[in-house]
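Q: Structure here, sequence nowhere to be found:
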C-alpha cells in the first residue's frame, strides 16, 4: 500500500499526515420529524444518538417542525431535488405520496418479524394499493381525558359513556360553579379540527364520501357537526377551542381549567407529571364516547409512519434508521408518550407499568379507529372541510 507522507516542522514538533485507503466516508441522513405530540424532541434525539453510536459511519441531521408544516416541507424539498432521506408522515398521506412518487415502495424490505409482530391494523398507516410505503411508528387515536377531582366534586361517579352524557356532566360542573367552560377541544382551522370531527363522525356512524361523492353534509356527518355547534353555543365548550391545537388543549387541561379534553396518547403521562402539571394524579382516560343506539365508543386513526423518500441518495442507510426507530426494543423503551406498534408489547410489564388505565383504553380504542378519506386529494378535501 502506498502512503503519501508529508513532513513539516512546527514549533519543533514533527507532524505526519498520511492519506490512506483505510479511511471511510461518512453518510449523512437528512430527516424530518414533528415537534408536537407523540414522541418528544428529546426522545427522538435520544433514539437517534443510540442509533449513531451503533452505526458510527452514519450521521443523522434532525429537523423538527410543527405537524402543520410536515407535508409542505416534504413535498417542497422533494420538488427542489434536495430533499430528505427519512420523513415522518400522517396516515392520510400515503395515497398522495405514492401517487406522486415521493416515498419508496419498501414492501420487499419489510422483515418477516415485522410482518408477524406488528398489530395488523397498524399497517393501514403506511399502506396504499397493496404496498408498504414505510413502517408504522406512532400508533394513535384521540381519547377522552377527564379530571377525576373535578368529577368527584361535582358528584359524578363515572366518566361519560356517550357524547350526550358528556354534555350533561359538563352542565353539572358548570352549574356547580366549578368551571365556566368544562370541555376543551382542538378546533383551530387545521388538521386538528378534522381529527376531532372524525371522532364524532365515527360515533354517529357517518361517512365522508359515498361512491366518491361528499356525504358528510347529511346523516352522521351532519349530526357530528350539529353536536359541535351546540356544545360551543351552550358555553360548555371553551370558547377558545376554535383557536386551540392539541398542545393548547393539553396546557388548559393540566392547568386545571378543563374537566374534559379530547387528545392524543401523549397527554396522559405529561399531564400526570407533577413537574409541569397541576392535575398530576387526577388524570383519567377512557375511550372517546359513543352515541346511544349507534356506537359504544368512537375513535379515529391518527397514526403516523416513517418512510424513505425516492430522492434519498442513501436508501439502504435510511431504511436501517427506519427499522431501528420502529423496532420493538426502542418502542418499548419510549412507550410513555406513544404506544408500541408491536402486539406482544402490550404484555410487557415494562411497557404497561404506570399506564395500565391508558393501555386498557387503548385496547378498545385502537380496535375501533375510523379512517379519514383515503385519496390522493386528501389535503385539498381537508382544507375545504376545515
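A: Received it, and whenever you're ready, just let me know what you need. None of these values were measured; they are calculated from a predicted model.

Q: contacting residues around residue 191?
A: Residues counted as contacts of residue 191 (C-beta atoms under 8 Å, 6 or more residues apart in numbering) are 67-68, 90, 92, 382, 386. Where C-beta positions appear, they are placed from N, C-alpha and C, glycine not excepted.

Q: where are the low-confidence patches of the stretch 51-200 of the chain?
A: 81 (pLDDT under 70).

Q: Residue 293 and residue 162, how far apart?
A: As judged by C-beta to C-beta, to the nearest Å, residue 293 and residue 162 stand 10 Å apart.

Q: In terms of neighbours, single out the busier of these two.
A: residue 162 (19 against 7; other C-beta atoms under 10 Å).

Q: Return the set of residues that bridge with that one.
A: residue 290 (DSSP bridges).

Q: Was I right to think it contacts residue 292?
A: Yes - Residue 162 lies in contact with residue 292 (C-beta atoms under 8 Å); the separation is 5.3 Å.

Q: mind listing the strands for the stretch 51-200 of the chain?
A: 58-65, 86-90, 127-128, 131-132, 135-138, 143-147, 183-184 (DSSP state E, counting those that start in this stretch).

Q: between these, which one is nearest to residue 213?
A: Distance to residue 213, taken as C-beta to C-beta, is lowest for strand 127-128 among the strands of the stretch 51-200 of the chain, at 21.4 Å.

Q: so what strands line up beside that closest one?
A: strand 131-132 (antiparallel).

Q: got a list of contacts for the strand it pairs with?
A: With contacts defined as C-beta under 8 Å, 6+ apart, strand 131-132 is touched by 98, 105-107, 110, 123, 126.

Q: cool, and stretch 379-386?
A: 71, 92-93, 96, 189-191, 193-194, 197, 208, 216, 372-373, 375.

Q: Off-centre distance for it?
A: 19 Å (C-alpha atoms, centre = their mean, to the nearest Å).

Q: Quick one: mean pLDDT over it.
A: Per-residue pLDDT over stretch 379-386 has a mean of 93.

Q: If you count neighbours, what's buried in that stretch?
A: 379, 381-382, 385 (16 or more other C-beta atoms under 10 Å).

Q: Where do the helices of the stretch 201-350 of the chain begin and end?
A: For the stretch 201-350 of the chain, the helices defined by DSSP state H, counting those that start in this stretch cover 219-233, 246-254, 267-271, 315-325, 328-333, 349-352.

Q: a markdown table please, covering these and showing mean pLDDT and mean neighbour count.
A: Below are the helices of the stretch 201-350 of the chain laid out as a markdown table (pLDDT from 0 to 100; neighbours: other C-beta atoms under 10 Å):
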| stretch | mean pLDDT | mean neighbour count |
| --- | --- | --- |
| helix 219-233 | 98 | 17 |
| helix 246-254 | 97 | 22 |
| helix 267-271 | 96 | 23 |
| helix 315-325 | 98 | 20 |
| helix 328-333 | 97 | 17 |
| helix 349-352 | 93 | 13 |
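
Q: Out of the ones you listed, which is closest to residue 365?
A: helix 267-271 (12.3 Å).

Q: Can you tell me which helices and strands that closest one packs against?
A: strand 143-147, helix 246-254, strand 283-289 (3 or more C-beta pairs under 8 Å, 6 or more residues apart in numbering; DSSP states H and E).

Q: between these, which gets nearest to residue 80?
A: helix 246-254 (29.5 Å).

Q: tell me the angle the closest one makes with strand 143-147.
A: 30 degrees (axes from the mean of the first three to the mean of the last three C-alpha atoms, to 10 degrees).
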